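Colleague: I'll drop the sequence and a predicted model, then ask my questions.
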Amino acid sequence: MGIFSRFSDIVNSNINSLLDKAEDPQKMVRLIIQEMEDTLVEVRSTSARLLAEKKDIQRQQQRMEKEVADWEAKAELALSKEREDLARQALIEKSRAQDNVDALQNEMQRVDESLDKLNDEIAQLQEKLADAKSRQKAILMRQKTASSRLQVKKQVDSSKVDDAMQRFDRYEAKIDDLEAQVESYDMGKRTLRDEFAELENEGKVDEELEALRARMKSKSSKDSE
């Protein structure tokens, strides 16, 4: 027994409910599609057999109806020849043939009802099958996307990334140490540029000092007047 025990189970099943309960939705929908396709083949085979049976019943019915007409003609012939005994026997055979016609008619009705039901169920199954195939594509795309995202997450969250960042931190610390060593060598050493800069600063200081003396002298002269 597969996922479904009977054809009606497939037709009446809720695919969403089945997928919600499945541990592996992709595997479940694949099994559902396979079961539906197998059942569809079986149902179509049954439908073909019923169609063949219907044609056979139609042939038998036509033969029995012809036989009914033949026995009625024989009965009329016997009566015309004043052979009531033969006419009676002919009518008995006609009645038997008519019973066969009625039985075949009932059988034809049963076959037609079965065919109508099968055709309706085939239509429902095809609709379910199309829905399942559409969901299979959607599930496959979602699974691929989720797998890709999971792979990226694993790479980003892995210890390798943390180790790489820690190595960057160590490299930066080493560069800081090297730069500090260079700066320490330069401390206390005067360059030619430093000498000229000092001379320029000294000249500015002397000029400001003379200007200050002049302002103070001018102010003292005004106060004494």
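Modeller: Yep, that arrived. Numbers count the residues shown, from 1 in each chain.

Colleague: what number of residues lie near residue 28?
Modeller: Counted with other CB atoms under 10 Å, the neighbours of residue 28 add up to 20. For the C-beta atoms, the positions are set from N, CA and C on the backbone; glycine is no exception.

Colleague: quick check: the gap between it and residue 132.
Modeller: According to CB to CB, to the nearest Å, residue 28 stands 10 Å off from residue 132.

Colleague: now residue 81: phi and psi?
Modeller: Per-residue torsions, residue 81: phi -100, psi 10 (degrees, to the nearest 10).

Colleague: show me what whichever helix in the chain runs longest is packed against.
Modeller: The longest helix of the chain (DSSP state H) is helix 84-157. In terms of contacts (3 or more CB pairs under 8 Å, 6 or more residues apart in numbering; DSSP states H and E), helix 84-157 is packed against helix 7-12, helix 15-21, helix 25-80.

Colleague: that helix vs helix 25-80, what angle?
Modeller: With axes from the mean of the first three to the mean of the last three CA atoms, to 10 degrees applied, the angle from helix 84-157 to helix 25-80 works out at 170 degrees.

Colleague: lowest average pLDDT across the helices and strands packed on helix 84-157?
Modeller: Comparing mean pLDDT over these, the weakest stretch is helix 7-12, at a mean of 56.

Colleague: residue 135 against residue 29, yeah?
Modeller: Yes. Using CB atoms under 8 Å, residue 135 is in contact with residue 29, at 5.7 Å.

Colleague: which of those two has more neighbours?
Modeller: Neighbours were tallied for residue 135 and for residue 29 using other CB under 10 Å; the higher tally belongs to residue 29 (23 against 18).

Colleague: measure the more buried one to residue 86 for me?
Modeller: 72 Å.

Colleague: let me know the average pLDDT across the longest helix of the chain.
Modeller: For helix 84-157, the mean confidence score works out to 84.

Colleague: quick one: secondary structure of residue 82?
Modeller: Recorded secondary structure, residue 82: coil (DSSP: H, G, I helix; E, B strand; the rest coil).
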